[in-house]
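Q: sequence first, then the predicted structure, then my questions.
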Amino acid sequence: MKTVLITGANKSIGFETARQLLRQGYYVYLGARDLKKGEAAVQQLHAEDLTSVEPIVIDVDDIESIKTARITLGGKTGVLDVLINNAGVSGALPQGPLDTDPAVFKQVFETNYFGVISVTQVFIDLLKASDAPRIVNVTSGLGSLTLHKDPTWKYYPFKAAAYMASKAALNAYTISLAYDLRDTNFKVNSVDPGYTATDFNHHSGPGTIEDAAARLVKAAVLRADGLTGQFFSDDNAPETGISPW
């Protein structure tokens, strides 16, 4: 049975991703900052007869929490097949480039960028033990610098300076990581779940959580001939599914 660790998985898109991967036969380590919330999410899945799941306490803002989670997971399995870096924050909005406190930038980058790097580096040894490791970095369509320069783009007016910069940086990390692992069986991709109705955006998005999670799952289960080092976004590029950086 293949294994997957999903950060920020006790609710919303992360939780639905866990549900869909469980239905595909994966064993899910459901990452949550709070153990009680993680346990509650697991109990909900158990009630749906999806039992190959357990909570893992992991706070991506805290390196000691990440290292403890690695020790915990290593005591349960010697192989991690999939890592989905899903945990993220938007930061206080609006985020103008001149009036947003630098502390907001630091907070957003701590989770959306540095947290992903820390989790990936700490768990990379378990991933390398897999025959077909997959890393999915959950980004945003707002991380496209190319589209942010295009006045005709539907999201052109939305310039959340801290959030968009953190996701652009995450995309850059994805490119670098995929290149570093280019001669291996790894598939490393950024995936935009789309503008989805969640508490992350006060349920303002038009997309469904089910569709958003399906996009993450698609990248998590890529076959050997699948692409790596890509920015997948059905929202930004409905015809090709690959967004410009």
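A: Happy to help now that I have it.
Q: show the end-to-end separation of stretch 151-165, please.
A: Stretch 151-165 has an end-to-end distance of 18 Å (criterion: CA to CA, to the nearest Å).
Q: off-centre distance for that stretch?
A: 20 Å (CA atoms, centre = their mean, to the nearest Å).
Q: give me the residues contacting that stretch.
A: With contact meaning CB atoms under 8 Å, 6 or more residues apart in numbering, stretch 151-165 is reached by 90-91, 93-97, 100, 104-105, 107-109, 112, 140-143, 147-148, 150, 195. Placement of C-beta: from N, CA and C, glycine included.
Q: buried stuff in that stretch?
A: By neighbour count on 16 or more other CB atoms under 10 Å, the buried set for stretch 151-165 is 155, 158, 160-165.
Q: from these, pick the one nearest T7.
A: Among the buried residues of stretch 151-165, Y163 lies closest to T7 (CB to CB), at 17.5 Å.
Q: could you find the closest non-adjacent residue to that closest one?
A: The shortest distance from Y163 to any non-neighbouring residue, by CB to CB, 6 or more residues apart in numbering, is to S90 (5.3 Å).
Q: I'd assumed the one you found was in a strand, is it?
A: No. Secondary structure of S90 (DSSP: H, G, I helix; E, B strand; the rest coil): coil, not part of a strand.
Q: which of the contacts of stretch 151-165 count as buried?
A: For the contacts of stretch 151-165, a burial check counting by 16+ other CB under 10 Å picks out 90-91, 95, 100, 104-105, 107-109, 112, 140-143, 147-148, 195.
Q: show me those residues that map onto helices.
A: Filtering the buried ones among the contacts of stretch 151-165 for membership in helices, criterion DSSP state H, returns 104-105, 107-109, 147-148.
Q: dump the residues you listed into JSON lines; add pLDDT as well.
A: Shown next, in JSON lines, are those (pLDDT from 0 to 100):
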{"residue": "V104", "pLDDT": "98"}
{"residue": "F105", "pLDDT": "98"}
{"residue": "Q107", "pLDDT": "98"}
{"residue": "V108", "pLDDT": "98"}
{"residue": "F109", "pLDDT": "98"}
{"residue": "L147", "pLDDT": "98"}
{"residue": "H148", "pLDDT": "97"}
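Q: between these, which sits nearest L126?
A: With CB to CB as the yardstick, the closest approach to L126 among these comes from F109, at 25.5 Å.
Q: residues contacting that closest one?
A: Neighbours of F109 in contact, by CB under 8 Å, 6+ apart: 162, 165-166, 169.
Q: low-scoring stretches of the chain, by residue?
A: Within the chain, the ranges that satisfy pLDDT under 70 run 197-205.
Q: what about the helices in it?
A: Under DSSP H, the chain gives helices at 12-23, 35-47, 63-74, 102-109, 115-128, 145-148, 161-180, 209-220.
Q: can you list those helices in a markdown table and add distance to F186?
A: A markdown table is the format used below for the helices of the chain (distance: least, CB to CB, whole Å):
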| stretch | distance to F186 |
| --- | --- |
| helix 12-23 | 18 |
| helix 35-47 | 27 |
| helix 63-74 | 18 |
| helix 102-109 | 25 |
| helix 115-128 | 7 |
| helix 145-148 | 25 |
| helix 161-180 | 8 |
| helix 209-220 | 12 |
